[in-house]
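> please work out how this folds:
(chains A and B)
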Amino acid sequence: MRRILTFRDFDWPLLGVVLILCTVSVLEIYSATLHTKYSGFHTKQLAWIIGGLVAMFLFSKIDYHKLIDFIPWAYGVSLVSLVAVKLVGSKVLGARRWIKIGPMHFQPSEWVKLILILAVARYFANLGGRRLTWVDIAKAFGLVGIPMLLVLIQPDMGTALTYTPILVAGLFLGGINIRQSVILITAGTVLVAGAWSSGKVLKPYQKARLTSFINPGDDPKGSGYQIRQSLIAVGSGGIWGKGAAKGTQTQGDFLPIPHADFIFAAFGEEHGFVGAVFVLLLYFFILMRLIQNAQTAADLSGSLIIMGVVAVLTFQIAVNVGMVIGFMPVTGIPLPLMSYGGSSVLFTFLALGAAMNVRMRRFVN
Amino acid sequence: MYSPTGTRGEKLPTLKLTVVQYGILLMMLALAAGLWRLQVLRVDDFRMQAEQNRIRKVPVLAARGKLFDRENRLIVDNYPSVSCFLLREQVKNLDADLPIIARGLDIDLEQLRSTLRRYRAAPGYQPIPIKQDITADEQAFIEAHRNELPELETIGEERRLYPRDGFAAHLIGYVGEVSEEMLNDTRYAAYEPGDVVGKAGVEETYDQLLRGQDGSRDVIVDSHGREVGYLRTQHATPGQDLKLTIDIDLQRTAELALGDANGAVIAMDPRNGEILAMVSHPSYDPNAFAVRINRVDWNQLITNPNHPLMNKAIQDQLAPGSTFKIIMSAAGLQEGVAQNMRVNCAGGGNFYGRFFHCDHHHGLLTIHEAIPMSCDTFFYTLAQRLGIDTIARYATSFGLASKTGIDLPNEMAGIMPSTQWEMKNYHQKYYAGNTISVGIGQGETQVTPLQLARALGGIASNGHMVRPHVVAYDQIPAEFRQAVQDSFPGSGEKTVPLDPETWTTITDGMAAATTPGLYHTAEAAHMDGIDFAGKTGTAQVVGTGDTHTKGGAKTPNSWFVGMVPRRNPEIVIAVLQEHGDWGSLSAKAAVQIITTYVNKKRMQDKNVLDQASTPKPVEVGAVWSDPPSSGLARAARPDTAIHAGHFFLDPAALPSPTAMASGLSLPAWVFNTPLRFKEDQP
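Residues are numbered from 1 along each chain as shown, chains lettered A, B, ... in the order given. Now for the predicted structure:
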């Protein structure tokens, strides 16, 4: 019944597309940081990608069922680490997000994402696809809500927001019915509106960031500055772009953090509509491929793991690209596989490793 | 090992996965549509914004044209100076930097803020001038803070350097930053905020010629304002230099002659209207305006009761006093009234039931005595005979009550009363008794020194009136000259036909005034051997009760209009000293200017080189001769010899004035007769 696992079952086409995106990312980071103090970050990114690939292969070797069994422990540890980061973490730009271990800085909120994907998958798989009771739903909310609150008080609104698609995907695929979802959406809307107007939940700068994307012209020097520069970068790229390392917005340092959060704007400026749509197509392929893997997964928990990964990736792509083109507020959510950043790269590769893991064991039964 | 958890066999419903797939597709399409909107539909807009982002226009300022006097001596120069500009796009939180900038550059913080407010509407890439003519220390501050304050930019430019002592300040004018009100004016449509513009005098009238054309340089910058490269440079075209008609020597003499008196001096060539000197006192230092003038200085200038900013030569409107008698004489003689009048002056006379005073008991006199003696009684009588409207007709034909059309801004027109004027302004009939006062230049009549110089100089030139101007005509393009004349309409060039008798009587009368004789008003102004003619005026202020203390509030205004030579003069001078007491005192100032003028001419006449290059023609009808053929110096010895030359003459040997009249009606022999004065050969 059990087969010897080989890497022949690895999803090579998926990995190929991922590597194409990584190449694009490294090249664009090189171009965007050419004349800045970040110059040379593309090699660091390359190192992170290689590290990520190794982590992914290792991660895919461990049977995901084992991982799921191990999850309650991991979940506990992640809560502790989130509390720890609040207490002993190093403060960067007014937020305690990082824990320093030796020479490395870790952002626990990043890998808590992975734990949550597995935890939610385990939770709903255990429910077995049966009709959800309100108690089930409340437990799911608690499962995601507690770490989310801990991240929110760091404060790191962006990462906290990425936890929501995990919950939403879990609820949607885990068997929530229409009536329940309508009630939840209504309640959520009311809550969000209440929290917004009470003024206690969100700090003013967070509010400003959330609204300035609607009208960046209102405050071109303040919170709207980044959006405006991003729009100019993307818009001035035109159909074919200005060419690699020739984007005036990127090279002139007008575009904020063009190698990280705004890398898509830098890419859009230098490679135009054609290049940007090409990247979107790569993402689309990756997501579709993942969903296909979810369909062929051996069991519900496997499917749910992959769909959790799909939910997080989709959310990040939508919010980041949406931010770059002025559809969404500036939230500091990186673009997976493109943006520079070790935690982000590692998470993405581990998440992909989880998906590979599931795919490799699709014939186990 | 793996332990079953009861989830085996369960599968995700395919329908839900399909929904997710379509959801993702929809999202991707939305993002692609967003990209399409930005990169295809609005690409031009964003391309332009990207260009504005990275290209900074740095102005290359044009040097303003210099001003020279009629002999090409420099009057107004430029000096290199550094200005500080602020580039708004280079900083995100400008407000936080403002106090530092204000401290470092020694600017009032509020003033800096208001400067920025004024530029709110200007495009973001346009630099804002925040301080001009910064010191070396301030320049060092900017250099030292390049990284912290990248928004500060310095630009070298040429600034105006005016004569320090207020020399000819009213004529030259001054420059300053263009004001908001001016920018709203269509005349200044081509100007932008921050431009330097002429605000008075020649600087204002000829601003378009003087200012040149600013260039600009497109500099590529990064988001910190660091210059990365240049795109293109459009060079500045410097302004045109202008040659003024004034003569520095005469101007200096005039400034000194007027001293600290409150008044004005005009010296004009009545043959062509060139202003040789124009003084208005008190003066001001135009350099104070070259950078923004500070509030205290400005308040001092505008509240000073002596009106230092007013160009009294063209703006001061006062009763002409006895100088008006020349116009009265012209009217009386032309009307055929004055020739036959014999008036017995008994210290005044009764007119319209009231006694009008005269300064002396002149006894029985004709117009020949009345002009040099300035007998009021005679002119009361003449005024009564002529009536106000005849007087007004002649006065206005000589240019009173209208601007002369000089090429300087804000000239005043003056007033000449008449029945029509009375009706228009007071809606009543003219009271004939007022005519008597008008006859001696009192009453409601108001003239400017320039009008008086033009009118009396014109009468002495046989009725040929000119358009005064301060910039040499050959310096300016014809169309610009026309535009200036159109924007300063006035009496302009005009000839009032005069009878030869009128001409000789008046000019001889004025010449007699400056020669010693009983009751001759300007005998103190006599200059031996110089054909000097003139007329004094002692114009009462505010009713009667003169207090003859110089500068007192009730002290009369002192006028003098003089010319050399008496007929077809080369130079006419009008001197006004407000509350300066007797007109004879102003005559002394005129004498100083004439002396300078004559001495200068004499030296030029002796200049062998000068004569060799420019042989001077014999001018028909003039009271001068051709230059001495030998070119050797001849000392002026008025006691023994009356010399040939421009100003030396033997009054007894005066040729018939008819010969000097306009040649149109004269027979040909007139022109064949040598019209020079014979030199007395020893």
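> C-alpha from now on. contacts and neighbour counts both.
Will do.
> which element is B:Ser329 on?
Here B:Ser329, judged by DSSP states H and E, is contained in helix B:324-334.
> how about the strands of the stretch 201-350 of chain B, start to end?
B:215-221, B:227-234, B:242-243, B:263-269, B:274-281, B:343-345, B:348-351 (DSSP state E, counting those that start in this stretch).
> so the first one versus strand B:227-234, what angle?
Spelled out, it's strand B:215-221. Here strand B:215-221 runs at an angle of 160 degrees relative to strand B:227-234 (axes from the mean of the first three to the mean of the last three CA atoms, to 10 degrees).
> with the fourth one instead?
Using the same axes, to 10 degrees, the direction of strand B:263-269 lies 50 degrees away from that of strand B:227-234.
> ok, the fifth one next?
In terms of direction (the same axes, to 10 degrees), strand B:274-281 departs from strand B:227-234 by 130 degrees.
> what sits up against strand B:274-281?
B:168, B:170-171, B:245-248, B:250-251, B:254-255, B:258, B:260-269, B:308, B:310-313, B:468-472 (CA atoms under 8 Å, 6 or more residues apart in numbering or on different chains).
> and the buried ones among those, selectable in ChimeraX?
Per 16 or more other CA atoms under 10 Å in any protein chain shown, the buried members of the contacts of strand B:274-281 correspond to this ChimeraX selection:
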select /B:168,170,171,245,246,247,248,250,251,254,255,258,261,262,263,264,265,266,267,268,269,308,310,311,312,313,468,469,470,471,472
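> before we move on, the earlier item: who wins for proximity to B:Glu203 among the strands of the stretch 201-350 of chain B?
Closest of the strands of the stretch 201-350 of chain B to B:Glu203 is strand B:242-243, at 10.3 Å (criterion: CA to CA).
> thinking again about what came up before, inside helices: which ones of the contacts of strand B:274-281?
Secondary structure from DSSP state H places B:His170, B:Leu171, B:Ile248, B:Leu250, B:Gln251, B:Ala254, B:Glu255, B:Leu258, B:Lys312, B:Ala313 of those in helices.
> nearest residue to A:Phe267 in space, please, no chain neighbours.
A:Glu28 (6.4 Å; CA to CA, 6 or more residues apart in numbering or on different chains).
> same thing with A:Ser236?
B:Arg47 (4.3 Å).
> quick one: stretch A:285-304 near chain B?
Yes. Applying CA under 8 Å from any CA of the partner chain, one finds stretch A:285-304 in contact with chain B at A:Met288, A:Ile291, A:Gln295, A:Ala298, A:Asp299, A:Leu300, A:Ser301, A:Ser303.
> alpha carbons of that stretch, in PDB - could you do that?
Taking C-alpha atoms only, stretch A:285-304 is exported to PDB below (Å, rounded to 0.1, in the frame of the first residue of the first chain):
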ATOM      1  CA  PHE A 285      -0.300  29.400 -13.300                       C
ATOM      2  CA  ILE A 286       1.100  28.800  -9.800                       C
ATOM      3  CA  LEU A 287      -2.300  29.200  -8.100                       C
ATOM      4  CA  MET A 288      -4.100  27.100 -10.600                       C
ATOM      5  CA  ARG A 289      -1.500  24.400 -10.300                       C
ATOM      6  CA  LEU A 290      -1.800  24.400  -6.600                       C
ATOM      7  CA  ILE A 291      -5.600  24.100  -6.700                       C
ATOM      8  CA  GLN A 292      -5.200  21.200  -9.100                       C
ATOM      9  CA  ASN A 293      -2.900  19.600  -6.500                       C
ATOM     10  CA  ALA A 294      -5.500  20.300  -3.800                       C
ATOM     11  CA  GLN A 295      -8.000  18.400  -6.000                       C
ATOM     12  CA  THR A 296      -5.800  15.400  -6.300                       C
ATOM     13  CA  ALA A 297      -4.700  15.300  -2.700                       C
ATOM     14  CA  ALA A 298      -5.100  12.100  -0.900                       C
ATOM     15  CA  ASP A 299      -7.300  13.400   1.800                       C
ATOM     16  CA  LEU A 300      -9.200  16.400   3.100                       C
ATOM     17  CA  SER A 301      -6.400  17.600   5.400                       C
ATOM     18  CA  GLY A 302      -4.000  17.700   2.400                       C
ATOM     19  CA  SER A 303      -6.400  19.600   0.300                       C
ATOM     20  CA  LEU A 304      -7.000  22.100   3.100                       C
END
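> sorry, back to before: turn the strands of the stretch 201-350 of chain B into JSON lines, columns for mean pLDDT.
Conversion of these to JSON lines gives the following (pLDDT from 0 to 100):
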{"stretch": "strand B:215-221", "mean pLDDT": "79"}
{"stretch": "strand B:227-234", "mean pLDDT": "76"}
{"stretch": "strand B:242-243", "mean pLDDT": "92"}
{"stretch": "strand B:263-269", "mean pLDDT": "94"}
{"stretch": "strand B:274-281", "mean pLDDT": "93"}
{"stretch": "strand B:343-345", "mean pLDDT": "90"}
{"stretch": "strand B:348-351", "mean pLDDT": "88"}
